[in-house]
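Undergrad: Predicted coordinates and the sequence they were generated for:
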Amino acid sequence: MIWLQRRLTLEPRSRGLHLVTRELADSLPELGQVASGLLHLLLQHTSASLTLNENASPDVRSDLRAWLDAAAPEDFPWSHDLEGPDDMPAHVKAMLTGPTLTLPVADGRLALGTWQGVVLCEHRDRGGPRSLVATLWGQAR
Amino acid sequence: MIWLQRRLTLEPRSRGLHLVTRELADSLPELGQVASGLLHLLLQHTSASLTLNENASPDVRSDLRAWLDAAAPEDFPWSHDLEGPDDMPAHVKAMLTGPTLTLPVADGRLALGTWQGVVLCEHRDRGGPRSLVATLWGQAR
Amino acid sequence: MIWLQRRLTLEPRSRGLHLVTRELADSLPELGQVASGLLHLLLQHTSASLTLNENASPDVRSDLRAWLDAAAPEDFPWSHDLEGPDDMPAHVKAMLTGPTLTLPVADGRLALGTWQGVVLCEHRDRGGPRSLVATLWGQAR
């Protein structure tokens, strides 16, 4: 059996949805030792989130951002507005998309669909670096 | 300990929300050998998703679909429209509901609530068969 | 290795979003024995849900509730209305936020971000006590 838990930091990104599949895989070379397993990711923030979505067309990711901006607009009658107009919308978007992912690992790599990539959803204008806890477990090759 | 990973295919379904609890359990007879465990499911697609919801009344599932159709309409000003009017709404709905589920297993079966069922959300008009990776682990009976 | 599965009951709460991090940790003293692990939670209901969000300002939680109430209003043209006007909106909100969470455990406690708390989203006016299955696994200290 393999068991690994590691804290990672994702570099700061602009507001929007960003593919991070490769950055994550590069930070977890031990994926290559797993015959059959799972990888769990927790983003330790409440104004950014993780999702799986289209890995090919950047248009899809910008449309997903446009939809989220329309669904949780800055001019909703928020009570909590001390941290800037992008703050409460960010909490709503993080609630809708979620801060965790659990992904299967097979034959040394993430067993995603052909068109699936891991997406960091940065909901703040200046979110800064984002902390993540990665836990990997399963059967060794 | 039990450890199992298997690729499954869900048969094609029409656009809408469909109960698949029984189809999944039938594809995973090893659930019966688990005293206490977990089952992880990844749907390997970005225009269909998995959720847990009401297993009794079909009205609930058609209302959930009606809400999703209203929330992510085909006439939103999408940039990405090459793959048909149902494509970008499908990506949004998949983001909102998510492609993964992790479910407890106890005494040889899924330990869901009385009214909970596993629901395949097919967001495309013609989604075709859907691929899934199932991972089961825990303590043997 | 540690392996534990336990059924818990969360006390009845009013409609809204409630921090339950401490109540959960108190029900799972075995967290203290885990060097590195994961905790999975399933809420066995389809009209309440679990999410991670802000643990400090109650304003954030009331704004999240206000957004959910606006997104899934009681006066949507629901077909399923036998169980009261708060029922179908509750199913939608539960679909959006989800009944499960998987959280890392490190050095004997939940490895959440500084501002993250476990939130019970009670979407019914009178939801009553809520049942939960907790599964904990990992490496012992």
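TA: Received it, and whenever you're ready, just let me know what you need.
Undergrad: Mind listing what's buried along stretch A:76-96?
TA: A:78, A:80, A:86-96 (16 or more other Cβ atoms under 10 Å in any protein chain shown). For the C-beta atoms, the positions are set from N, CA and C on the backbone; glycine is no exception.
Undergrad: quick one, phi/psi of the spatially closest residue to A:Arg130 that is not a sequence neighbour?
TA: Nearest non-adjacent residue to A:Arg130, counting by Cβ to Cβ, 6 or more residues apart in numbering or on different chains: A:Leu10, 4.5 Å away. Torsion angles at A:Leu10 (phi, psi; degrees, to the nearest 10) stand at phi -90, psi 140.
Undergrad: Surely A:Leu10 and A:Ala134 touch.
TA: No. Between A:Leu10 and A:Ala134 there is no contact under Cβ atoms under 8 Å: 10.9 Å.
Undergrad: Of the buried residues of stretch A:76-96, which fall within the contact range of chain C?
TA: Among those, the residues within reach of chain C (Cβ under 8 Å from any Cβ of the partner chain) are A:78, A:80, A:88, A:91-92, A:94-96.
Undergrad: Up against chain B, what does chain A have?
TA: A:36-38, A:51-54, A:57, A:59-60, A:62-64, A:66-67, A:70-71, A:96-98, A:101-104, A:106, A:111-116, A:138-139.
Undergrad: so of those residues, which ones are in helices?
TA: Among these, the subset assigned to helices under DSSP state H consists of A:59-60, A:62-64, A:66-67, A:70-71, A:96-97.
Undergrad: confidence score at the residue of chain A at minimum distance from chain B?
TA: Chain A approaches chain B most closely through A:Gly113 (3.0 Å), counting by Cβ to the nearest Cβ. On pLDDT, A:Gly113 comes in at 98.
Undergrad: Could you check what's spatially nearest to the residue nearest the centre of chain A, not counting adjacent residues?
TA: For chain A, the residue nearest the mean C-alpha position is A:Leu50 (2.4 Å; Cα atoms, centre = their mean). Using Cβ to Cβ, 6+ apart and skipping the chain neighbours, the partner closest in space to A:Leu50 is A:Leu101 (4.8 Å).
Undergrad: Surely that neighbour is in contact with A:Val118?
TA: Yes. Contact criterion Cβ under 8 Å: A:Leu101 and A:Val118 qualify, at 6.7 Å.
Undergrad: How many residues are close by A:Gly138?
TA: 24 (other Cβ atoms under 10 Å in any protein chain shown).
Undergrad: isn't it right up against A:Leu31?
TA: No. A:Gly138 is beyond contact range of A:Leu31, at 9.8 Å (criterion: Cβ under 8 Å).
Undergrad: Need the overlap of contacts for these two.
TA: Residues within reach of A:Gly138 and of A:Leu31 at once, by Cβ atoms under 8 Å, 6 or more residues apart in numbering or on different chains, are A:Val105.
Undergrad: Can you give me the neighbour number for the closest residue to A:Asp86 other than its chain neighbours?
TA: Nearest residue to A:Asp86 in three dimensions, chain neighbours excluded: A:Asp125, at 5.2 Å (Cβ to Cβ, 6+ apart). For A:Asp125, the tally of surrounding residues (other Cβ under 10 Å) stands at 12.
Undergrad: Pretty sure A:Asp125 sits against A:Arg15.
TA: Yes. Between A:Asp125 and A:Arg15 there is a contact under Cβ under 8 Å: 5.3 Å.
Undergrad: shared neighbours of these two, which are they?
TA: The contact sets of A:Asp125 and A:Arg15 overlap at A:Asp86 (Cβ under 8 Å, 6+ apart).
Undergrad: Spell out which residues of chain A are next to chain C.
TA: Close to chain C, as judged by Cβ under 8 Å from any Cβ, chain A has residues A:3, A:5, A:40, A:42-46, A:71-72, A:76-80, A:88, A:91-92, A:94-96, A:98-100, A:102, A:131, A:133, A:135.
Undergrad: and with 7 Å instead?
TA: A:3, A:5, A:40, A:42, A:44-46, A:72, A:76, A:78-80, A:88, A:91-92, A:95-96, A:98-100, A:102, A:131, A:133, A:135 (Cβ under 7 Å from any Cβ of the partner chain).
Undergrad: of all the ones in helices among the residues of chain A next to chain B, which comes closest to A:Arg22?
TA: A:Val60 (17.7 Å; Cβ to Cβ).
Undergrad: Please name the residues that touch the closest one.
TA: Neighbouring residues of A:Val60 by Cβ atoms under 7 Å, 6 or more residues apart in numbering or on different chains: A:53-54, B:80, B:91.
Undergrad: what's the most distant pair in the residues you listed?
TA: Checking these with Cβ to Cβ, the most distant pair is A:Asn53 and B:His80, at 11.5 Å.
Undergrad: could you show me where the strands are in chain A, in order?
TA: Per DSSP state E, chain A carries strands over the ranges A:2-10, A:16-19, A:34-43, A:48-54, A:100-106, A:109-110, A:116-122, A:130-140.
Undergrad: Any chance of those in JSON lines with mean pLDDT as columns?
TA: Output for the strands of chain A, formatted as JSON lines (pLDDT from 0 to 100):
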{"stretch": "strand A:2-10", "mean pLDDT": "97"}
{"stretch": "strand A:16-19", "mean pLDDT": "98"}
{"stretch": "strand A:34-43", "mean pLDDT": "98"}
{"stretch": "strand A:48-54", "mean pLDDT": "97"}
{"stretch": "strand A:100-106", "mean pLDDT": "98"}
{"stretch": "strand A:109-110", "mean pLDDT": "98"}
{"stretch": "strand A:116-122", "mean pLDDT": "98"}
{"stretch": "strand A:130-140", "mean pLDDT": "98"}
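Undergrad: Go ahead and confirm A:Ala111 touches B:Leu132.
TA: No. A:Ala111 is not in contact with B:Leu132 according to Cβ atoms under 7 Å; the separation is 10.6 Å.
Undergrad: Compare neighbour counts for these two and give me the winner.
TA: Of the pair A:Ala111 and B:Leu132, B:Leu132 is the one with more neighbours under other Cβ under 10 Å, namely 24 against 20.
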